[in-house]
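Sharing a model prediction with you, sequence too.
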2 protein chains.
Amino acid sequence: MTPVTPVCESIDIPAGEGRAVFVDAGQRVKIIDVEGQQVGDVFAFARDDVREYHSASHTRAHVNRLFPAVGEQFVTSLRRPMLTLVEDSSPRRHDMLIAACDPARYAALAAPAHHASCAQNMQDALARLGLSADLVPQPINVFMDIPVGRDGTLTWETATSRPGDSITFQAEIDCVFVVSACPQDLVGINAGAPTPLRLLIANGESA
Amino acid sequence: MTPVTPVCESIDIPAGEGRAVFVDAGQRVKIIDVEGQQVGDVFAFARDDVREYHSASHTRAHVNRLFPAVGEQFVTSLRRPMLTLVEDSSPRRHDMLIAACDPARYAALAAPAHHASCAQNMQDALARLGLSADLVPQPINVFMDIPVGRDGTLTWETATSRPGDSITFQAEIDCVFVVSACPQDLVGINAGAPTPLRLLIANGESA
């Protein structure tokens, strides 16, 4: 029997790399942490004009939470609903406070020159679709565990997601959806060496 | 007697308006809440290239706090130290989670057309200096009280700053410093109608 709502596309993201994909309004993107304890930096842009992007600071004002719960929305820099968090099989620890790692971050960490970064992965992934962005928006850092203390202190913990855990977003508008399998290997947010992520794009409720 | 470190400039910001000023590295900017309980949206850009700006998500990663304490720094989108919080006579409740109010925000609140906004105030203030920015960065919202619950819930409280309370930033690089006396009159973050702010720019430690 043919599934009613089949998976349209499966994309493997190698450890430390990024991928971008066009997603239609109504489609769902499931991000799978293949081996567990791997952070993904998620960016989303409006397909008709990438100058409109998912904005963490607008989303916080929209949902009145540091991070949306299942069923809640993410909005753009123009406050348009863009994504909905529809499923989450992980321990539900995700970050939406911290900037993407970038060359300046790795320079400060005394990393080797040309260390991969989520910021560069985002730009490279967009470039493969013929797109470019003028800025690197603050990402949604799935599976990244940054607990907030009562005094506002942020702690950098190792991701607690298990092999096969996933989080699923539904697109509310046509998007360019970008995920970087975070190459961070100098701060302990990933468990040891970076590992792959997988994306499943599907129509409706099957992702 | 002449003060050793005189105030160089005093700028009154009328209620609901914004002002931008060039600030040299080492100078201090004191923001005074003249009548009390008034939020100010603060933006800062590198003077030599406004594409580099104060970035809240990079600052949180730098200080490991939701909001820097006195003595801590704010960094740019390229992770350069840009400002230091040097003095704070207020109840020390400031926000660095929420986007600037903008036309889309007021449209959603069913405000009259052309309601003033901090986003537009920022652009207008830059334009008066012959500058423009491609984006509205997430501001530092001085005197804005957004408590974070233990479950991550954000609550919008009325500012608790008293008449004459102030917060002072020292510039670590040459900046364009922008402050909007927030025109928000539909959500209770300001006490009643918006009121003015005042900036004092000074060399060294006198601001």
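Ah, there it is.

ok, A:Pro91 touching A:Thr158?
No: with contacts counted by CB atoms under 8 Å, A:Pro91 stays clear of A:Thr158, the gap being 11.8 Å. No exception for glycine: its C-beta is placed from N, CA and C like everyone else's.

Let's check: the centremost residue of chain A is which one?
Nearest to the mean C-alpha position of chain A, by CA atoms, centre = their mean, lies A:Val42 at 1.9 Å.

just checking, what packs against the lengthiest helix in chain A?
If you go by DSSP state H, chain A has its longest helix at helix A:118-128. Other helices and strands packing on helix A:118-128, by 3 or more CB pairs under 8 Å, 6 or more residues apart in numbering or on different chains; DSSP states H and E, are strand A:18-23, strand A:40-46, strand A:175-181.

run the last query once more with 10 Å
strand A:18-23, strand A:40-46, helix A:103-108, strand A:175-181 (3 or more CB pairs under 10 Å, 6 or more residues apart in numbering or on different chains; DSSP states H and E).

Put the alpha carbons of the first one into CSV.
What follows is strand A:18-23 as a C-alpha-only set of coordinates in CSV (Å, rounded to 0.1, in the frame of the first residue of the first chain):
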residue,chain,number,x,y,z
GLY,A,18,25.1,22.1,6.4
ARG,A,19,22.3,21.6,4.0
ALA,A,20,19.5,23.8,2.7
VAL,A,21,16.2,22.7,1.2
PHE,A,22,13.1,24.4,-0.3
VAL,A,23,10.1,23.6,1.8
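
Which other helices and strands does that strand contact?
strand A:7-13, strand A:27-33, strand A:40-46, helix A:118-128, strand A:165-171, strand A:175-181, strand A:197-203.

Over to A:Ser117: give its phi and psi.
Dihedral pair for A:Ser117: phi -140, psi 160, per degrees, to the nearest 10.

Give me the local confidence score for it.
In this model, A:Ser117 is scored at 98, pLDDT.

so who does it touch?
For A:Ser117, the contact set (CB atoms under 10 Å, 6 or more residues apart in numbering or on different chains) comprises A:16, A:18, A:41, A:100-106, A:111, A:123, A:136, A:180, A:182-184.

again, only this time at 8 Å
A:Ala100, A:Cys101, A:Asp102, A:Pro103, A:Arg105, A:Tyr106, A:Pro183 (CB atoms under 8 Å, 6 or more residues apart in numbering or on different chains).

I'd like the residues you listed as a markdown table, with neighbour count, pLDDT and distance to chain B appended.
Compiled in a markdown table, the contacts of A:Ser117 are given as follows (neighbours: other CB atoms under 10 Å in any protein chain shown; pLDDT from 0 to 100; distance: CB to the nearest CB, whole Å):
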| residue | neighbour count | pLDDT | distance to chain B |
| --- | --- | --- | --- |
| A:Ala100 | 24 | 98 | 8 |
| A:Cys101 | 29 | 98 | 9 |
| A:Asp102 | 18 | 97 | 8 |
| A:Pro103 | 17 | 96 | 9 |
| A:Arg105 | 22 | 95 | 7 |
| A:Tyr106 | 21 | 96 | 10 |
| A:Pro183 | 24 | 97 | 16 |
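
Reformat those as a markdown table; add distance to B:Asp151.
Shown next, in a markdown table, are the contacts of A:Ser117 (distance: CB to CB, whole Å):
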| residue | distance to B:Asp151 |
| --- | --- |
| A:Ala100 | 26 |
| A:Cys101 | 28 |
| A:Asp102 | 31 |
| A:Pro103 | 36 |
| A:Arg105 | 30 |
| A:Tyr106 | 34 |
| A:Pro183 | 32 |
